[in-house]
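# No sequence on hand, only this structure:
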């Protein structure tokens with residue numbers, strides 16, 4: 001069986017790679033872990049899994065004492081993880097390779113999941129490697145499917161290096177697209193009126209058209225800040241190069257898209273709030 005290979009290194013969340021697979025599929029991936037010095041992590045101390053549960057503190061229990069634990073959640077602060085599983089190392093632990101195996105019934109819905117590999121030894125998490133899991137919705141999925149990376153790339157015309165002949169690479173990293181997708185939902189939830197019982201996640205946000213526009217707006221803001229930081233007019237031999245000056249145009253479009261999203265979101269949330277206060281007698285209950 002062929003395995004896809006992914007490299008994980010310790011570092012900030014913008015370096016998170018993405019594991020992509022269809023919902024309800026069975027697939028395996030080889031993930032190679034590197035230490036802070038750029039060398040393959042020696043996994044000998046984690047290669048034998050001790051499945052004895054251990055309590056870190058009140059309300060927080062690890063299902064293993066020693067080993068490598070994979071955890072996946074839809075959002076930060078989620079009480080119960082969508083997936084918690086001990087994973088195995090390769091036959092040679094000095095290579096830093098671990099095998100991530102996914103079964104058809106692991107996840108109940110498509111979407112983007114926050115995930116990490118926790119390196120557990122003697123009941124303590126020594127370090128964690130973060131990544132994202134993207135589960136695409138098949139056509140048989142009967143609900144509105146969440147956004148995916150390919151869809152955002154299509155609408156932002158950032159499918160391949162051929163779309164960006166000046167950059168000769170894609171403009172947005174996968175991790176940046178996922179961050180922008182999540183940002184739009186977080187902004188929606190934070191706008192007034194705040195509806196604690198109606199908080200949405202990246203896996204059930206229903207307003208897909210507006211979501212795409214907002215996601216592109218937040219991506220363009222990321223790009224604008226980068227262009228501003230690296231803006232430098234260069235002249236040599238009568239040739240002037242000022243390709244970063246476009247940061248102002250990027251920021252203007254970004255803010256326009258974000259503002260349109262916020263205005264529409266406020267109207268939508270007002271409607272949601274009105275529907276929430278509709279009493280069983282068919283009248284609006286005012287407070």
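Thanks, I have the structure now. A quick note: this is a predicted structure, and the numbers were derived from the prediction, not measured.
# Against which helices or strands is the helix or strand where residue 263 lies packed?
Assigned by DSSP states H and E, residue 263 falls within helix 247-276. Counting contacts by 3 or more C-beta pairs under 8 Å, 6 or more residues apart in numbering; DSSP states H and E, helix 247-276 packs against helix 174-190, helix 208-229. (Glycine included, C-beta is placed from N, CA and C.)
# Give the buried residues for the last one.
Of the residues in helix 208-229, those buried by neighbour count under the rule 16 or more other C-beta atoms under 10 Å are 210-224, 227.
# quick one, what contacts the spatially most central residue of the chain?
Closest residue to the average C-alpha location of the chain: residue 178 at 4.2 Å, with C-alpha atoms, centre = their mean. Going by C-beta atoms under 8 Å, 6 or more residues apart in numbering, residue 178 touches 16, 18, 112, 132, 134, 149.
# and of the helices and strands packed on helix 247-276, who's closest to residue 101?
Of all the helices and strands packed on helix 247-276, helix 174-190 sits nearest to residue 101, with 21.8 Å by C-beta to C-beta.
# buried ones in that closest one?
174-185, 188-189.
# re earlier: just put the helices and strands packed on helix 247-276 in JSON lines and tack on distance to residue 95.
Shown next, in JSON lines, are the helices and strands packed on helix 247-276 (distance: least, C-beta to C-beta, whole Å):
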{"stretch": "helix 174-190", "distance to residue 95": "25"}
{"stretch": "helix 208-229", "distance to residue 95": "35"}
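# residues in contact with residue 47?
89, 93.
# Relative to residue 31, how far out is it?
Residue 47 is 15 Å from residue 31, where distance means C-beta to C-beta, to the nearest Å.
# Residue 195 too?
38 Å.
# Neighbour count for the two, which is higher?
Remark: of residue 195 and residue 31, residue 31 carries more neighbours, 24 against 14, as counted by other C-beta atoms under 10 Å.
# neighbours of the closest residue to the more buried one other than its chain neighbours, just the number please.
Computed as C-beta to C-beta, 6 or more residues apart in numbering, the closest residue to residue 31 that is not its neighbour in sequence is residue 6, at 4.8 Å. The tally of other residues near residue 6 (other C-beta under 10 Å) stands at 15.
# what about the protein, any weak spots by pLDDT?
1-5, 11-15, 58-59, 160-169, 231-245, 276-287 (pLDDT under 70).
# Domains of it: list them as residue ranges, please.
The chain breaks down by automatic domain parsing into domains covering 4-136, 149-276.
# Hmm, residue 133 is touching residue 73, no?
No. Judged on C-beta atoms under 8 Å, residue 133 makes no contact with residue 73 at a distance of 9.9 Å.
# residues shared between the contacts of the two?
Contact criterion C-beta under 8 Å, 6+ apart; residues shared by residue 133 and residue 73: 113, 115.
# ok, these two, which is more surrounded?
Using other C-beta under 10 Å, the more surrounded residue of residue 133 and residue 73 is residue 133, with 22 against 19.
# partner strands of the helix or strand that one falls within, parallel or antiparallel?
According to DSSP H and E, residue 133 maps onto strand 124-136. Strand pairing for strand 124-136, determined by DSSP bridges: strand 18-22 (parallel), strand 111-121 (antiparallel).
# Flag every buried residue along the last one.
In terms of neighbour count (16+ other C-beta under 10 Å), strand 111-121 has its buried residues at 111, 112, 113, 114, 115, 116, 117, 118, 119, 120, 121.
# Return the set of buried residues in stretch 193-209.
By 16+ other C-beta under 10 Å, the buried positions in stretch 193-209 come out as 200, 201, 202, 203, 205, 207.
# Switch those over to a markdown table; also include secondary structure and distance to residue 154.
Below are these laid out as a markdown table (DSSP: H, G, I helix; E, B strand; the rest coil; distance: C-beta to C-beta, whole Å):
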| residue | secondary structure | distance to residue 154 |
| --- | --- | --- |
| 200 | coil | 23 |
| 201 | coil | 23 |
| 202 | coil | 18 |
| 203 | coil | 20 |
| 205 | coil | 18 |
| 207 | coil | 18 |
